[in-house]
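Undergrad: no sequence for this one, just the structure:
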């Protein structure tokens, strides 16, 4: 399965994904679900995928192929004049791939359902965060909904609902995102490490952070343990609140 989460804060964008894919309890693999494109000083884009792996890989390959072998009249992620147009390009690619493979998958009783989170910023534009669906349509994050999740989202959603607002500082947003992932890792074996993280500050057209967090990462292990201890202590303290 999958868990990917993206935050759009006033201070910047945060994206985090796991890498586990499973087709049964005895068929577990690691696949990258985060893809990045950057032209330092001009734009930086992060995408995360969930759903049918063959569909999402084909979409990512099509987007990259259009960059590597540009065709006249075809806009790419690097030539699009806005992040809204980037989302349209991703949606168009999704529609092309779904039209090509969706009917065949459906005839075999297999789902082609897929979704893509697209986050980024280009020079002269604002931070923008989109969710693209299987049909190629999409929605954009707003102040009322400053984060998107795809995949096994239910375990990691409570902390985001309680903590995240557009005014949340970037460092606090990174912390909440990591704890959201930790909660999901604890409760769902279909989500697994390593993790991929990107952070982009407002007005900086490159990644402030771009890193992979391995299972033996001591910082993440300490964070996970401290969060568990804090929850146990908070639970104990509730005895004094509710009699």
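TA: Happy to help now that I have it. Keep in mind that what you see is a predicted model, and the values were worked out from it rather than measured.

Undergrad: and residue 137, how far from residue 162?
TA: For residue 137, the distance to residue 162 equals 30 Å [Cβ to Cβ, to the nearest Å]. From N, CA and C alone the C-beta is placed, and that goes for glycine too.

Undergrad: what segments of this structure are strands?
TA: Along the chain, counting by DSSP state E, strands occupy 3-9, 12-17, 20-22, 28-30, 34-39, 43-51, 114-122, 128-132, 138-140, 147-151, 195-201, 209-213.

Undergrad: what's the average pLDDT for the fifth one?
TA: When you say that, I think you mean strand 34-39. Strand 34-39 shows a mean pLDDT of 97.

Undergrad: same deal with the first one?
TA: Along strand 3-9, the predicted local confidence has a mean pLDDT of 98.

Undergrad: report the angle between it and strand 12-17.
TA: Here the directions of strand 3-9 and strand 12-17 differ by 180 degrees (axes from the mean of the first three to the mean of the last three Cα atoms, to 10 degrees).

Undergrad: and what of the fifth one?
TA: Counting by the same axes, to 10 degrees, strand 34-39 lies at 140 degrees to strand 12-17.

Undergrad: tell me which residues in strand 34-39 are buried?
TA: Residues of strand 34-39 classed as buried by neighbour count (16 or more other Cβ atoms under 10 Å): 34, 35, 36, 37, 38.

Undergrad: ok, that strand: who's next to it in the sheet?
TA: Strand pairing for strand 34-39, using DSSP bridges, gives strand 43-51 (antiparallel).

Undergrad: again with the second one
TA: Sheet neighbours of strand 12-17, with direction, are listed as strand 3-9 (antiparallel), strand 195-201 (antiparallel) (DSSP bridges).

Undergrad: which of those sits most buried?
TA: Among the strands paired with strand 12-17, judged by mean count of other Cβ atoms under 10 Å, the one packed with the most neighbours on average is strand 3-9 (a mean of 26).

Undergrad: from the chain's centroid, how far away is that one?
TA: 6 Å (Cα atoms, centre = their mean, to the nearest Å).

Undergrad: measure residue 134 to residue 153 for me?
TA: Distance from residue 134 to residue 153, by Cβ to Cβ: 17 Å.

Undergrad: format the strands of the chain as TSV; extra columns: distance to residue 179.
TA: Below are those laid out as TSV (distance: least, Cβ to Cβ, whole Å):
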stretch	distance to residue 179
strand 3-9	11
strand 12-17	11
strand 20-22	18
strand 28-30	22
strand 34-39	19
strand 43-51	18
strand 114-122	19
strand 128-132	20
strand 138-140	25
strand 147-151	13
strand 195-201	12
strand 209-213	13
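
Undergrad: determine which of these approaches residue 166 most closely.
TA: strand 3-9 (5.9 Å; Cβ to Cβ).

Undergrad: which of the strands of the chain sits closest to residue 72?
TA: Using Cβ to Cβ, the strands of the chain put strand 34-39 closest to residue 72, at 20.6 Å.

Undergrad: re the thing from before, which one of the strands of the chain lies nearest to residue 186?
TA: Across the strands of the chain, closest to residue 186 is strand 3-9 (Cβ to Cβ), at 11.5 Å.

Undergrad: thinking again about what came up before, among the strands of the chain, which is nearest residue 64?
TA: Nearest to residue 64, of the strands of the chain and by Cβ to Cβ, is strand 34-39 at 8.2 Å.

Undergrad: how distant is the closest one from the center of its chain?
TA: 12 Å.

Undergrad: neighbouring contacts of it?
TA: Applying Cβ atoms under 8 Å, 6 or more residues apart in numbering, the contact partners of strand 34-39 are 4, 15, 17, 43-49, 60, 67, 77-78, 196, 198, 205-207, 210.
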